[in-house]
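Asks: please work out how this folds:
(chains A and B)
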There are 2 protein chains.
Amino acid sequence: MSAGKVTKLNKGVVRQDLAMADGRQIFYYDKVDGSAEISRTAVDARAKESRPGVGELRLDALTNEWVAMAAHRQTRAFLPPKELCPLCPTKPGLESEIADSNYQVVVFENRSPSLATPNSGWSLPTYEGITTPVVEAAGHCEVICFTDEHDTSFGKLSLPQIRTVMEAWIDRTRELSKLPYVQHIFPFENRGEEVGVTLNHPHGQIYCYSYLPPRVEKMFYVAKDYLSKHGRPLLTDLIAREVQDEVRIIAENEHWIAYVPFASRYPFEIHIAPRKFVPDLAELSEAIADAFPEIAKEVLLRLDGVFGIEMAYIAAWHQAPVRSGREALGLHLQITSIRRAPGKLKYLAGSESAMGAFIMDMAPEQSAAQLRDVKL
Amino acid sequence: MSAGKVTKLNKGVVRQDLAMADGRQIFYYDKVDGSAEISRTAVDARAKESRPGVGELRLDALTNEWVAMAAHRQTRAFLPPKELCPLCPTKPGLESEIADSNYQVVVFENRSPSLATPNSGWSLPTYEGITTPVVEAAGHCEVICFTDEHDTSFGKLSLPQIRTVMEAWIDRTRELSKLPYVQHIFPFENRGEEVGVTLNHPHGQIYCYSYLPPRVEKMFYVAKDYLSKHGRPLLTDLIAREVQDEVRIIAENEHWIAYVPFASRYPFEIHIAPRKFVPDLAELSEAIADAFPEIAKEVLLRLDGVFGIEMAYIAAWHQAPVRSGREALGLHLQITSIRRAPGKLKYLAGSESAMGAFIMDMAPEQSAAQLRDVKL
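Replies: Numbering: from 1, shown residues only, chains lettered A, B, ... in the order given. Sure, this is the predicted structure:
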């Protein structure tokens, strides 16, 4: 049992880096109170297994969009019973992904990553229609476990717990930005079987793309154009509009504002944005980061309160790309839920899926009112 | 009982135009053999009800994409039992959308359209960031019933039945192109509860947008760029690549080819394209239209044969926009299915939904082989 590298972060959070049996890295993030110390030394005692190879990036020439092909992922775990949960801490009879018998927040490389470390000399070719060569699906995929408790959810964590998750997100964004082949970092959470979640343990993921994802590329283009025409970031003016209109605001505090966007696409869609423009999590000030847990928790509790059931959602951190557009694209969290009523989901069918044309059945002002009316 | 306007189309198909109780139009498409005549005179005897108002188009300023708000659609029929099917012909005890007691193919305006006839003087504003005004959700939405038999599916229709559907699609594209506020016409079928189908009766829809849907706008830009650089339509060169690679071809005949595209996004994705470039259904030659039913039927039977279950799918006709890019964007049908294995669906979660970055778990060559291996 040997201790790993120790790094001190904000808010008394300490990161300890260890290796997993198959060579992957695992990072323990612990908030240490006062002079107490937490030493992470537990060894991953599982049999070594070989890592899957890296997949392919193929260009869809009809849209000039990259599609990642990860053909080895078909067999991944599908809703294992709780006693076999690979995200719970290790205990007698269960050797999970986390060797220790407890943790606060951990991050580790995905066992079956969609995007992985490329061979040296990798570079992304420019688009050349149908003659664009296939390249390795370069990138990096991590899992972030929000708590070692299996039967809870992000919105039910305590404010200090959410702050520790925030510190881990900030640290991961800073660290992963150093990988030379990474262009964009995307921390997100899929919650609920309705959005295909295969593990119920509260967790998120961090995808690092070696290309600009199509939606980011479009937002990037729009935001740069807006900045050059108006001299202000688009997100700043969007927030000013929401403040002025008022009817779509769900929650706010000194540093953050949560609203149903003017042109929302999903029955329940909430954006949580810092009032002051910042490109990404790595550049968030400590004061602004400190104010996030409160508003995030309120928003998620309101979301679960609308129908009195745990809402399935996708919570997606939109950040500026790592190496471009950092003055134009602003950090914000987009939470989208496809549930439009108890027993009724919104499906992305022909218009949304094939045309990209969203049809909303519910006025944004109506869903904002429903979210505000929830008694907490 | 008065007969409606009669129009003779190709292949002995006759269209008869009648009015519904609430003022909507209904079009009967009948293939008439030899000297026989089918006269459609049945009157819609339901109580008159007022039509819903037209919704709003709001600009999502983060992406410069229009979102249609159709707040009146929340209450629409949700999987009614077979005996209350609004798409079956009218019979004792059931006054459906179709007044006659039988039909071959009918088309009528959607009762709760997402896009509707705007007031006169309507025009689409150009994008101006957050100051873009809200406008009426102009457009037109039709339902097309493929057969009066409730318990069947498009792929099980006879070849002449599919040819009559094809003639109706061609006629609708030609007629709807005349509406001055229509920019793009999109015939499609959603099949299966997994993609949110609310009525099991075999039917499709035809959406007419008053703006270029985001995915079409992107494909339009890419196709125009390709044409200007290479002097040939992109789709022509894509088909040549598929013919050369051969491994992803599923079916072909003299005029059409069906393949899993090189960079497919869904576990089972099949494109059916005419070998000769044509912008839309309205410009399809009779000989090429005649060759479609055979390949469409084969492809859909193969799709159902992969797992021996009725596959949920979205079948989407991609055409050139009505008034632009007609030399660049070629007609083809994209069929996508989210089923990756029995009991396993592909969900569009964080990466696909929030980033637009598709991750495929299955090689296109593998799904092509599975589709080819189905014994018909």
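
Asks: excluding chain neighbours, what is closest to A:Lys8?
Replies: Leaving aside its sequence neighbours, A:Lys8 sits nearest to A:Val14 (C-beta to C-beta, 6 or more residues apart in numbering or on different chains; 5.7 Å). C-beta: built from backbone N, CA, C; applies to glycine.

Asks: repeat for A:Pro118
Replies: Nearest residue to A:Pro118 in three dimensions, chain neighbours excluded: A:Ala138, at 3.8 Å (C-beta to C-beta, 6+ apart).

Asks: now do the contacts for that neighbour.
Replies: A:Ala138 sits next to A:54, A:57, A:115-118, A:122, A:124, A:181, A:210 when contact means C-beta atoms under 8 Å, 6 or more residues apart in numbering or on different chains.

Asks: try A:Glu286
Replies: With contacts defined as C-beta under 8 Å, 6+ apart, A:Glu286 is in contact with A:10-11.

Asks: tell me which stretches of chain A form helices.
Replies: Across chain A, reading from the start of the chain, the helices by DSSP state H fall at A:159-176, A:214-230, A:234-245, A:286-290, A:292-306, A:350-355, A:364-373.

Asks: count the neighbours of A:Ile38 for me.
Replies: Applying the criterion other C-beta atoms under 10 Å in any protein chain shown, we find 15 residues in the vicinity of A:Ile38.

Asks: any low-confidence regions in chain A?
Replies: A:1-2, A:71-78 (pLDDT under 70).

Asks: tell me the contacts of the residue most central in space within it?
Replies: The residue at the geometric middle of chain A, judged as the C-alpha nearest the mean C-alpha position with C-alpha atoms, centre = their mean, is A:Phe188 (1.5 Å). Residues counted as contacts of A:Phe188 (C-beta under 8 Å, 6+ apart) are A:204-207, A:314-317, B:350-351, B:354.

Asks: do A:Ala282 as well
Replies: Applying C-beta under 8 Å, 6+ apart, one finds that A:Ala282 lies in contact with A:170, A:173-174, A:177.

Asks: picking that back up, pick the most buried one from the helices of chain A.
Replies: The highest mean neighbour count among these, using mean count of other C-beta atoms under 10 Å in any protein chain shown, belongs to helix A:350-355: a mean of 24.

Asks: on that earlier part again, out of the contacts of A:Phe188, which comes closest to A:Leu9?
Replies: Nearest to A:Leu9 among the contacts of A:Phe188, counting by C-beta to C-beta, is A:Ile206 at 16.1 Å.

Asks: that closest one pairs with what?
Replies: A:Glu142, A:Pro187 (DSSP bridges).

Asks: now it: how far from A:Ala315?
Replies: 13 Å (C-beta to C-beta, to the nearest Å).

Asks: more neighbours, these two?
Replies: A:Ala315 (25 against 22).

Asks: hmm, A:Val195 and the more buried one touching each other?
Replies: No: with the criterion set as C-beta atoms under 8 Å, A:Ala315 and A:Val195 do not qualify as a contacting pair; they are 10.5 Å apart.

Asks: let me see the contact set for the residue nearest to A:Trp317 when sequence neighbours are not counted.
Replies: If you skip the residues right next to it in sequence, A:Trp317 has A:Pro187 as its closest partner in space, 4.5 Å away by C-beta to C-beta, 6+ apart. Taking C-beta under 8 Å, 6+ apart as the criterion, A:Pro187 is in contact with A:144, A:169, A:172-173, A:204-206, A:281, A:317.

Asks: my guess is A:Val106 meets A:Thr147, correct?
Replies: No: taking C-beta under 8 Å as the contact criterion, A:Val106 and A:Thr147 are not neighbours in contact, 9.8 Å apart.

Asks: hang on, the earlier thing: got the contacts of A:Ala138 as TSV, with neighbour count columns?
Replies: Supplementary listing: the contacts of A:Ala138 in TSV, determined by neighbours: other C-beta atoms under 10 Å in any protein chain shown:
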residue	neighbour count
A:Val54	21
A:Leu57	25
A:Leu115	27
A:Ala116	21
A:Thr117	16
A:Pro118	18
A:Trp122	14
A:Leu124	17
A:Tyr181	18
A:Ser210	25
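
Asks: in strands only, show me these.
Replies: Among these, the members falling in strands are A:Leu57 (criterion: DSSP state E).

Asks: a markdown table for the contacts of A:Ala138, including distance to B:Phe27?
Replies: A markdown table is the format used below for these (distance: C-beta to C-beta, whole Å):
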| residue | distance to B:Phe27 |
| --- | --- |
| A:Val54 | 53 |
| A:Leu57 | 46 |
| A:Leu115 | 49 |
| A:Ala116 | 54 |
| A:Thr117 | 58 |
| A:Pro118 | 56 |
| A:Trp122 | 56 |
| A:Leu124 | 50 |
| A:Tyr181 | 55 |
| A:Ser210 | 51 |
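
Asks: among the contacts of A:Ala138, which one lies nearest to A:Glu65?
Replies: A:Leu57 (10.3 Å).

Asks: can you name the residue of the stretch 251-376 of chain A nearest chain B?
Replies: A:Tyr347 (2.6 Å; C-beta to the nearest C-beta).

Asks: contacts only, for that residue.
Replies: Contacts of A:Tyr347 were listed using C-beta under 8 Å, 6+ apart, and they are A:338, B:190, B:195-196.

Asks: if we can go back for a sec, more neighbours: A:Val106 and A:Thr147, which one.
Replies: Neighbours per residue, other C-beta under 10 Å: of A:Val106 and A:Thr147, the larger number sits with A:Val106, 27 against 23.

Asks: and that one, bridged to which residues?
Replies: Beta-bridge partners of A:Val106, counted by DSSP bridges, are A:Tyr28, A:Cys145.

Asks: same question for A:Val67.
Replies: In this entry, A:Val67 is beta-bridged to A:Arg58, by DSSP bridges.

Asks: that one is in contact with B:Met362, isn't it?
Replies: No: under the criterion of C-beta under 8 Å, A:Val67 is not in contact with B:Met362, lying 11.7 Å apart.

Asks: if we can go back for a sec, how near is the residue nearest to the centre of chain A to B:Ala349?
Replies: The gap separating A:Phe188 from B:Ala349 is 8 Å, by C-beta to C-beta.

Asks: list residues touching both of those two?
Replies: A:Ile314.

Asks: related to what we said a few turns ago, what is the nearest of the contacts of A:Pro187 to chain B?
Replies: Minimum separation from chain B among the contacts of A:Pro187 (C-beta to the nearest C-beta) is found for A:Gln205, which lies at 6.8 Å.

Asks: before we move on, back to that, the helices of chain A: which one's closest to B:Ser35?
Replies: Nearest to B:Ser35 among those is helix A:350-355; the distance by C-beta to C-beta comes to 39.5 Å.

Asks: quick one: that closest one to chain centroid distance?
Replies: 25 Å (C-alpha atoms, centre = their mean, to the nearest Å).

Asks: show me what it is packed up against.
Replies: In terms of contacts (3 or more C-beta pairs under 8 Å, 6 or more residues apart in numbering or on different chains; DSSP states H and E), helix A:350-355 is packed against strand B:184-191, strand B:203-209, helix B:214-230, strand B:313-318, strand B:332-337.

Asks: dump the C-alpha coordinates for it into CSV.
Replies: As requested, the backbone C-alpha atoms of helix A:350-355 are provided in CSV (Å, rounded to 0.1, in the frame of the first residue of the first chain):
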residue,chain,number,x,y,z
GLY,A,350,-38.8,12.9,-37.2
SER,A,351,-38.8,16.7,-36.9
GLU,A,352,-36.2,16.9,-34.1
SER,A,353,-34.0,13.9,-35.0
ALA,A,354,-33.9,14.1,-38.8
MET,A,355,-34.4,17.8,-39.4
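
Asks: returning to that earlier point: how about the contacts of A:Pro187 in a markdown table, adding distance to A:Arg40?
Replies: Formatted as a markdown table, the contacts of A:Pro187 follow (distance: C-beta to C-beta, whole Å):
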| residue | distance to A:Arg40 |
| --- | --- |
| A:Ile144 | 16 |
| A:Trp169 | 19 |
| A:Arg172 | 17 |
| A:Thr173 | 22 |
| A:Gly204 | 20 |
| A:Gln205 | 22 |
| A:Ile206 | 20 |
| A:Leu281 | 23 |
| A:Trp317 | 26 |
